[in-house]
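Peer 1: structure for the following, please:
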Amino acid sequence: MTTDAFRALYEQLRDGTPRSPDDRRGALGHLTPERVVAAAAEVRSGRTVSLAAEIDTRPAPDNPEPAEHRMTGPAAADIGADGLHFARDRFAMNVHGDADSHLDALCHVLFDGELYNGVPADSVTSEGAGSLSLDVVRDGIVGRGVLLDIPRLRGLPWLEPDDHVTAADLAAAEAAQGVRTGPGDLLLVRVGHRRRRRELGAWNAARTRAGLHPTAMQFLAERQVAVLGSDGNNDTAPSTVAEIAFPVHVLAIHAMGLHLMDYLEFAELALACECEGRWSFLCAVAPLRLPGATGSPVNPIAVL
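Peer 2: Coordinates of the predicted model:
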């Protein structure tokens, strides 16, 4: 995709997204209280499924700076001793890596000197983001989730790195699965990244991975999707646009105001959907309460 074509698509999506000058919630505006109430009707069996991968503390080709988890208690003298003692631990993470499940806030993408909706980029400082931070979703995100399984559509275990999901793929997956994405939905797109990693081992996902083609974002705009998530990064690598490393991130977050979730885990969810014969469900996302943050580790829960 040429840079000029990308710029034209960016402007189309930005200008076609209704918003007020002071809007800071972005596409979450599609997720109205009425749609949250309607999403509760998706619960039928009461089965709950985690959509997060286990946090890995071991270095890997796609995880050179893994999360750190260490025990800070109990002390050796406390083990087996009488009285009250506590087990304690400490955790640290590089949130926007290529391995752990996380949510991107709307302040995550700086493009042409601005954040989403014209907010100046210098509102992000070493002290944190002064606007569009994780605080926007401090009350969580709850709505109707829809899983579109692209490897299932193509009869494959996974998409190979550098393959693309198109708008036509998304529409075909809807038809094959008997589901339709609608306004306010949390759209989850499976590319099989996690299964490939499990079966073939980790690789440098920063250099090569499957994801959405930038033009697929037109599908999301037309359907008025509220949140986009994937079991990969959402963006392909190498990028389809020579001068833009993460075109889907730019279009989704910066042009459309879509919160993104990267590197989720859909294996159990896909099995549950197959078993129940439906691909929509109640989905609840609860990020950390960390003011000024650009993202958060996240463990979304699907309730079928």
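Peer 1: from here on, contacts and neighbour counts on C-alpha atoms
Peer 2: Will do.
Peer 1: chain center to stretch 108-128: distance?
Peer 2: Taking C-alpha atoms, centre = their mean, to the nearest Å, one finds stretch 108-128 lying 20 Å from the centre of the chain it belongs to.
Peer 1: what's in contact with that stretch?
Peer 2: 21, 23-24, 106-107, 129-132, 249-250, 253-257, 291-295 (C-alpha atoms under 8 Å, 6 or more residues apart in numbering).
Peer 1: now the end-to-end length of that stretch.
Peer 2: 11 Å (C-alpha to C-alpha, to the nearest Å).
Peer 1: next: stretch 217-234.
Peer 2: End-to-end distance for stretch 217-234, by C-alpha to C-alpha: 11 Å.
Peer 1: tell me the mean pLDDT over it?
Peer 2: Average pLDDT, stretch 217-234: 98.
Peer 1: flag every buried residue along it.
Peer 2: 217-221, 223-234 (16 or more other C-alpha atoms under 10 Å).
Peer 1: same question, stretch 126-139
Peer 2: Here stretch 126-139 shows 129, 130, 131, 132, 133, 134, 135, 136, 137 as buried, counting by 16+ other C-alpha under 10 Å.
Peer 1: distance between it and the chain's centre?
Peer 2: Relative to the centre of its chain, stretch 126-139 is centred 17 Å away, using C-alpha atoms, centre = their mean.
Peer 1: same check on stretch 51-68?
Peer 2: The answer for stretch 51-68 is 16 Å, by C-alpha atoms, centre = their mean.
Peer 1: identify all contacting residues around it.
Peer 2: By C-alpha under 8 Å, 6+ apart, stretch 51-68 touches 69, 90-94, 97-101, 202-206, 263-266, 269, 298-302.
Peer 1: in helices, which of the buried residues of stretch 217-234 fall?
Peer 2: Here DSSP state H is the test, and the buried residues of stretch 217-234 give 217, 218, 219, 220, 221, 223 as lying in helices.
Peer 1: pick the one among those residues closest to residue 86.
Peer 2: The shortest approach to residue 86 among those belongs to residue 220, at 48.1 Å (C-alpha to C-alpha).
Peer 1: perfect, that will be all.
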